[in-house]
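Undergrad: predicted model and sequence follow; I will ask about them next.
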Amino acid sequence: MPAECRPAAPGSPWHEGAPGQIPEFGARVDRRLREEVVAWLTLVDPGGTPQPAPIWFLWDGATALVYSDRNAKRLTHLRRNPKVALHLDGDGRGGDIVVLTGEVVVDQTAPAPPDNPPYLAKYGDQIAGGSWRTPEVFAGTYDVALRFTPSRVRGH
């Protein structure tokens, strides 16, 4: 059965205190957002075409931090329309669906990747094993911090 709820308040998980909440679903969403390595960020280009892209992200319980390539077309698209969807892969059988909708803004206050211990704890091995080799090299490309704030979550 599909579930839907809204965040209770900025900074608080939606599975605590939200009217009409579904506690098990909210807890599962929160766990998956903390543990999943890849999510899909879908935005809309100027022609109205959805543009999904796999991303690395760091969930803090209320928002997701994404580092973007400063040359990515997504930055231009987001300036025009900051409304996006972020979703997690399902279980391969049509279950465990999680889709969040909300807005993305550039976060000037976010630390650079090398200065973000939780981000490095989650992605440090991938950075070291990839072509970047170090967080500093990674940050040389992925230096625009984006902050996704969900306004709605749905799934089953």
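TA: It's in. A quick note: this is a predicted structure, and the numbers were derived from the prediction, not measured.

Undergrad: and the nearest residue to L78 once chain neighbours are set aside, what helix or strand is that in?
TA: Computed as Cβ to Cβ, 6 or more residues apart in numbering, the closest residue to L78 that is not its neighbour in sequence is V104, at 5.4 Å. C-beta coordinates here come from the backbone N, C-alpha and C atoms, glycine included. Under the criterion of DSSP states H and E, V104 resides in strand 98-106.

Undergrad: which element follows that strand toward the C-terminus?
TA: helix 117-129.

Undergrad: in terms of secondary structure, what does that next one contact?
TA: In this structure, helix 117-129 packs against strand 58-59, helix 135-141, with contacts taken as 3 or more Cβ pairs under 8 Å, 6 or more residues apart in numbering; DSSP states H and E.

Undergrad: 10 Å - rerun?
TA: On a contact count with 3 or more Cβ pairs under 10 Å, 6 or more residues apart in numbering; DSSP states H and E, helix 117-129 meets strand 58-59, strand 64-68, helix 135-141.

Undergrad: tell me the angle the second one makes with helix 117-129.
TA: It refers to strand 64-68. 40 degrees (axes from the mean of the first three to the mean of the last three Cα atoms, to 10 degrees).

Undergrad: what mean pLDDT does the helix or strand that strand 64-68 is followed by have?
TA: Under the assignment DSSP H and E, the closest C-terminal helix or strand after strand 64-68 is helix 73-80. Averaged across helix 73-80, pLDDT comes to 92.

Undergrad: cool, stretch 91-101 as well?
TA: 87.

Undergrad: hey, C-alpha coordinates of that stretch in PDB?
TA: Taking C-alpha atoms only, stretch 91-101 is exported to PDB below (Å, rounded to 0.1, in the frame of the first residue of the first chain):
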ATOM      1  CA  ASP A  91      14.000  -3.800  -4.500                       C
ATOM      2  CA  GLY A  92      14.000  -5.000  -8.200                       C
ATOM      3  CA  ARG A  93      10.400  -6.300  -7.800                       C
ATOM      4  CA  GLY A  94       8.500  -3.100  -7.600                       C
ATOM      5  CA  GLY A  95       8.700  -2.700  -3.800                       C
ATOM      6  CA  ASP A  96      10.600  -0.600  -1.400                       C
ATOM      7  CA  ILE A  97       9.900   2.500  -3.400                       C
ATOM      8  CA  VAL A  98      11.000   5.900  -2.000                       C
ATOM      9  CA  VAL A  99      10.400   9.200  -3.800                       C
ATOM     10  CA  LEU A 100      11.000  12.600  -2.300                       C
ATOM     11  CA  THR A 101      10.100  15.900  -4.000                       C
END
